[in-house]
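K.L.:
could you look at this predicted model? Sequence included:
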Amino acid sequence: MTKSLTIARPDDWHLHLRDGAMLQAVLPETARHFGRAIIMPNLVPPVVTHAQAVAYHDRIMAALPSDMTFEPLMTLYLTENTDPDDVAAAHAAGLVKAVKLYPAGATTNSSSGVTNFDKIKPVLAKMAEIGLPLCTHGEVTDHSVDIFDREAVFIDRVLDPIRRENPELKVVMEHITTTTAVDYVKSQDKNLGATITTHHLIINRNHILAGGIKPHYYCLPVAKREEHRIALRAAATSGDARFFLGTDSAPHVDAAKETGCGCAGCFTATNTMALLAHVFEEDGALDKLEGFASKHGPAFYGLPVNRDSLTLVKSDTATSFPEKLTSGDGPVTVFDPGFPIYWDVT
Ligand code: NCD
Ligand code: ZN
């Protein structure tokens, strides 16, 4: 039995492409399926200024194979010294589509992020004025807060105060992982969206910790209890336009993950669309996949839906995805859902 589904070409509203040899290796994995992606700025050093975003955009386009089309939507990394006028110029030039807030120390390459949230008030006010969205890594870094509670505490301590002070600011809660975040999004009537990753629809914290530690399932925000995964599934498959796909595909070479202090990040670019088809079909919501992956994100960002399409096909034999992607920096393990997938992109 063959089953197929054609949707508008999807976009990825949260993606790590890195730079150099890693960029070269991972970019085709995304561009093969996705029309556009919001490109995370957490390089070393981070992409802070308009000029740095232009240069990074050019490096991405130079790495794109000539037979592929792809539009990188650039972001700026928010620091306590970010200049509101530079942000406004970057937005006016059309290249920069969002500014990314990392609480300092929250995740990979976030040491230049924000500690004193008072210092970013002028730039947030400017963004609200010009309609430039803020993307948030929503976790506090306070060591006294349990890592499984950091998202919920961020909403109370940081996000909600920012939104009350700037009701016109468009905010994306990125890679949400909890019922608290789902409920917060649903309780707000405007200017708030949330991305959900592929892996958080599939794994809970047992996958990381039970029966031996699985470094390739470790990402930030860390996967939570099963009840949270179920709430994320319900939100993603509901058709509610406030929830859309941001894979947070975050490649690290195996040597950096399989070690005493491993990096956070799951690499899902290669098989995300097949995994999502599986997830949405399992929940009886294949008709909602196009909204989640191809329509809700553009609507939030005020961009057109892609004109081209993507076709997914389900067959009787399990799809074989490569276990690893080869990069000039070393092998990168592709996210393994832990069960067979019968869908593939044609
Ligand atoms: C991301 C990375 O590796 O850059 N890691 C992750 O676990 N998601 C950073 C991030 O988005 O938190
Ligand atoms: Zn990320």
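P.N.:
Perfect, thanks for sending it. Numbering: from 1, shown residues only. Ligands and ions are numbered 1, 2, ... in the order given.
K.L.:
then stretch 61-73 to PDB, C-alphas only?
P.N.:
Extracted in PDB, the C-alpha atoms of stretch 61-73 (Å, rounded to 0.1, in the frame of the first residue of the first chain):
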ATOM      1  CA  MET A  61      24.900  31.100  -0.100                       C
ATOM      2  CA  ALA A  62      28.400  30.300  -1.200                       C
ATOM      3  CA  ALA A  63      28.100  26.800   0.400                       C
ATOM      4  CA  LEU A  64      24.800  26.100  -1.300                       C
ATOM      5  CA  PRO A  65      25.000  23.500  -4.100                       C
ATOM      6  CA  SER A  66      24.200  25.100  -7.400                       C
ATOM      7  CA  ASP A  67      21.300  22.700  -8.100                       C
ATOM      8  CA  MET A  68      19.500  23.700  -4.800                       C
ATOM      9  CA  THR A  69      17.300  26.700  -3.900                       C
ATOM     10  CA  PHE A  70      17.200  27.900  -0.300                       C
ATOM     11  CA  GLU A  71      16.700  31.200   1.400                       C
ATOM     12  CA  PRO A  72      18.500  31.800   4.800                       C
ATOM     13  CA  LEU A  73      16.500  34.100   7.000                       C
END
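K.L.:
what's next to that stretch, contact-wise?
P.N.:
17, 23-24, 27-28, 30-32, 34-39, 57, 60, 97-98, 301 (CB atoms under 8 Å, 6 or more residues apart in numbering). For glycine as for every other residue, the C-beta is placed from the backbone atoms N, C-alpha and C.
K.L.:
among the residues you listed, which ones are in helices?
P.N.:
Residues of the contacts of stretch 61-73 located in helices (DSSP state H): Leu23, Gln24, Leu27, Pro28, Thr30, Ala31, His57, Ile60, Tyr301.
K.L.:
and the fifth one, what pLDDT?
P.N.:
This points to Thr30. According to the predicted model, the pLDDT of Thr30 comes to 98.
K.L.:
how about it, nearest residue that isn't a chain neighbour?
P.N.:
Ala269 (4.6 Å; CB to CB, 6 or more residues apart in numbering).
K.L.:
got it, and the fourth one?
P.N.:
Of all residues not flanking Pro28 in the chain, Pro65 sits nearest, at 5.6 Å (CB to CB, 6+ apart).
K.L.:
any idea how far that neighbour lies from ligand 1?
P.N.:
23 Å (CB to the nearest ligand atom, to the nearest Å).
K.L.:
name the element that residue belongs to?
P.N.:
Pro65 belongs to no helix or strand when elements are defined using DSSP states H and E.
K.L.:
what about Lys288, neighbour count?
P.N.:
Neighbour count for Lys288, taken as other CB atoms under 10 Å: 18.
K.L.:
I'd say it and Ala235 touch.
P.N.:
No - contact criterion CB atoms under 8 Å: Lys288 and Ala235 do not qualify, at 10.7 Å.
K.L.:
for the stretch 151-300 of the chain, just list every one of the strands.
P.N.:
171-173, 192-196, 243-245 (DSSP state E, counting those that start in this stretch).
K.L.:
dump the ones you listed to TSV, plus mean pLDDT and mean neighbour count.
P.N.:
Formatted as TSV, those follow (pLDDT from 0 to 100; neighbours: other CB atoms under 10 Å):
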stretch	mean pLDDT	mean neighbour count
strand 171-173	98	27
strand 192-196	98	25
strand 243-245	98	28
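K.L.:
around ligand 1, pick out the residues from the stretch 101-250 of the chain.
P.N.:
Thr107, Thr108, His137, Cys219, Leu220, Asp248, Ala250 (CB under 6 Å from any ligand atom).
K.L.:
please identify which of those residues is nearest to Phe292.
P.N.:
Ranked by distance to Phe292 (CB to CB), these are led by Asp248 at 14.7 Å.
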